[in-house]
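>>> pasting the structure only:
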Ligand code: BEZ
C-alpha cells in the first residue's frame with residue numbers, strides 16, 4: 001500500500017482490463033459513439049496536434065495500412081484536441097501533398113473530455129496537447145493494451161499491427177506470444193500449473209512451445 005488516493009490524481013488512470021470509457025464525439029466521418037463499435041476491435045490513438053511533422057508521418061502510414069487493420073476487423077480511430085475544421089483541413093492537406101486519403105475517422109476533442117477520461121494529457125505540456133497514446137479495445141469493450149510515446153517519437157504502425165495479431169491469436173488459441181513474435185511463428189504455452197506437468201515437461205518446463213490452433 002502506498003497510501004496514494006488515486007482520486008487525488010489530476011487524471012484517472014486506465015489500466016489493461018478496464019472497460020473503455022464510452023464517448024460520443026464529432027469526427028471527420030460524422031458523429032461517432034464508441035460503444036457502437038462493440039463486436040469489433042478498436043485502435044484508438046491520440047496525437048499531439050494536427051499539421052505537425054511526426055503526426056503527419058504517422059497518419060500517412062496509418063492510412064496506407066488501414067486495409068490490413070480492417071482485414072482483422074479492427075477500426076482505426078484518431079483523436080486530438082484540435083477542432084473538426086482543423087482535422088478536415090489537415091486531412092485535405094495530406095491528400096493534396098502526399099496523395100494519401102485518410103480513411104478512418106479523427107475525433108475532435110477541444111474540451112479534452114475524452115483525453116482526460118483516457119489519461120491522454122501531457123501533464124508537462126504547456127498546451128492542451130495530448131500525448132501519443134494507443135489503446136487497443138477488444139470486441140467486448142475492454143482495454144487490452146496501452147502504449148504511450150512522447151511527442152518527439154513516432155510510433156511504429158508495423159508494431160501496432162503485430163500487437164493486434166498477437167492479441168487476436170492469444171484469444172483464439174490459448175497461447176502466449178514470445179518476444180518479437182510474428183504471425184505464423186511458434187508460440188509458447190501458458191505457465192504450467194501442476195508439479196506433475198512440470199516433471200513431465202523436463203528441465204525447460206518454464207518455456208514450452210505451443211502451436212497456435214490451425
Ligand atoms: C510532431 O508531431 O511532429 C510534434 C507534435 C508535437 C510536438 C512536437 C512534435
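Arrived safely. Remember, predicted model here, so these are calculated numbers, not experimental data. Numbers count the residues shown, from 1 in each chain.
>>> list the contacts of residue 211.
Residues counted as contacts of residue 211 (C-beta atoms under 8 Å, 6 or more residues apart in numbering) are 175, 186, 187. Where C-beta positions appear, they are placed from N, C-alpha and C, glycine not excepted.
>>> look up how far the ligand lies from it.
For residue 211, the distance to the ligand (C-beta to the nearest ligand atom, to the nearest Å) stands at 41 Å.
>>> got it, and residue 65?
Counting by C-beta to the nearest ligand atom, the gap from residue 65 to the ligand is 18 Å.
>>> isn't that residue up against residue 159?
No - with contact defined as C-beta atoms under 8 Å, residue 65 does not count as touching residue 159 (11.4 Å).
>>> give me the more crowded residue out of these two.
residue 65 (15 against 11; other C-beta atoms under 10 Å).
>>> what helix or strand is residue 90 on?
According to DSSP states H and E, residue 90 maps onto helix 84-98.
>>> beta-bridge partners for residue 210, please?
residue 187 (DSSP bridges).
>>> one more: residue 146?
residue 135.
>>> what's near enough to touch it?
Under the criterion of C-beta under 8 Å, 6+ apart, the contact partners of residue 146 comprise 14, 15, 16, 133, 134, 135.
>>> can you pick the most crowded of these?
residue 135 (25 neighbours).
>>> hmm, it is touching residue 141, no?
No - Residue 135 is beyond contact range of residue 141, at 11.3 Å (criterion: C-beta under 8 Å).
>>> overlap in contacts, the two.
residue 20.
>>> residues from this structure in reach of the ligand?
Neighbours of the ligand within the chain, by C-beta under 6 Å from any ligand atom: 48, 49, 52, 53, 54, 55, 129, 151, 152.
>>> mind checking which of those are buried?
Neighbour-count burial (16 or more other C-beta atoms under 10 Å) applied to the residues of the chain next to the ligand gives 48, 49, 54, 55, 129, 151.
>>> next one: the helix ranked longest in the chain to chain centre, how far?
Assignment by DSSP state H gives helix 53-71 as the longest helix of the chain. With C-alpha atoms, centre = their mean, to the nearest Å as the basis, helix 53-71 stands 13 Å off its chain's centre.
>>> greatest separation within the residues of the chain next to the ligand: which pair is it?
Maximum pairwise distance among the residues of the chain next to the ligand (C-beta to C-beta): 14.1 Å, between 53 and 129.
>>> which regions of this structure lie under the pLDDT threshold?
Within the chain, the stretches falling below the threshold (pLDDT under 70) are 1-12, 123-126.
>>> now the helices for it?
Taking DSSP H, the helices of the chain run over residues 53-71, 84-98, 113-117, 157-173, 195-201.
>>> what sits up against stretch 175-195?
162, 165-166, 169-170, 173-174, 198, 201, 205-212.
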